[in-house]
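Novice: starting from these lines, generate the structure:
(2 chains)
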Amino acid sequence: KQEVTQIPAALSVPEGENLVLNCSFTDSAIYNLQWFRQDPGKGLTSLLLIQSSQREQTSGRLNASLDKSSGRSTLYIAASQPGDSATYLCAVLVSSGSRLTFGEGTQLTVNP
Amino acid sequence: DGGITQSPKYLFRKEGQNVTLSCEQNLNHDAMYWYRQDPGQGLRLIYYSQIVNDFQKGDIAEGYSVSREKKESFPLTVTSAQKNPTAFYLCASSRLAGASEQYFGPGTRLTVT
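Specialist: Numbers count the residues shown, from 1 in each chain, chains lettered A, B, ... in the order given. Model prediction:
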């Protein structure tokens, strides 16, 4: 059974800092991996999707990498801003099924 | 304006009553999903549907029921058999089942007392 872990559970940084959020998964046979952002009391917003054949994806100040062999993905946020404060979740799609398995998220606070 | 809508945003019910949560999408997506989110836990899949008139149980389907009579609609009924129904419910859709990016609605917070 696929398990997804996100460490740390919470992170607080000063504005302007570059930071990395981590996601690990137990079964490397994934189809794709998706990073989401969730603001308090809101739905999820898709940030980046990485196919299993890709190593990374970039969108603005966000860069997500994927290392299937080690079961890891990282979300790099450059020049963090207070508006980046939210919970970030990663989710993997296993090859054999059609459902996403989610991590519990990292709650990020960027202090002005 | 394309997207996924869920209504209502907040819902209050007495214990023992069934309640139906609405989810509508105008993205022309084939697949739709229902998740439950509890504090300190990740999202858990309740039901999903890959095409109209077809749906499958997720990891925590007990006490829930769904229907998929139209491509754009996937309502979720929380029945009185669900032991802990108070939670945040999220609906999602994707162009194809599994392989493509999932998009989420704003969620419905259900409180049962």
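
Novice: and the gap between residue A:39 and chain B?
Specialist: Residue A:39 sits 10 Å away from chain B, taking Cβ to the nearest Cβ, to the nearest Å as the criterion. All C-beta atoms are positioned from the backbone trio N, CA, C, and that covers glycine.

Novice: equivalent analysis for residue A:77, please.
Specialist: Residue A:77 is 20 Å from chain B, by Cβ to the nearest Cβ.

Novice: repeat for residue A:100
Specialist: Shown here: residue A:100 relative to chain B, a distance of 6 Å by Cβ to the nearest Cβ.

Novice: my guess is that residue meets residue B:42, correct?
Specialist: No: when contacts are counted by Cβ atoms under 8 Å, residue A:100 is not listed as touching residue B:42 (9.9 Å).

Novice: among the two, which residue is more densely surrounded?
Specialist: Each of residue A:100 and residue B:42 has its neighbours counted (other Cβ atoms under 10 Å in any protein chain shown); residue A:100 has more, 28 against 19.

Novice: residue contacts, the more buried one?
Specialist: Contact analysis of residue A:100 by Cβ atoms under 8 Å, 6 or more residues apart in numbering or on different chains lists A:34, A:91-93, B:43, B:45, B:102.

Novice: highest neighbour count among those residues?
Specialist: Busiest of those [other Cβ under 10 Å] is residue A:92, holding 31 neighbours.

Novice: I'd like the next helix or strand past the least confident helix or strand in chain A by mean pLDDT.
Specialist: Here the helix or strand of chain A ranked lowest by mean pLDDT, DSSP states H and E is strand A:100-102, holding a mean of 91. Following strand A:100-102 in sequence order, the next helix or strand is strand A:106-111 (DSSP states H and E).
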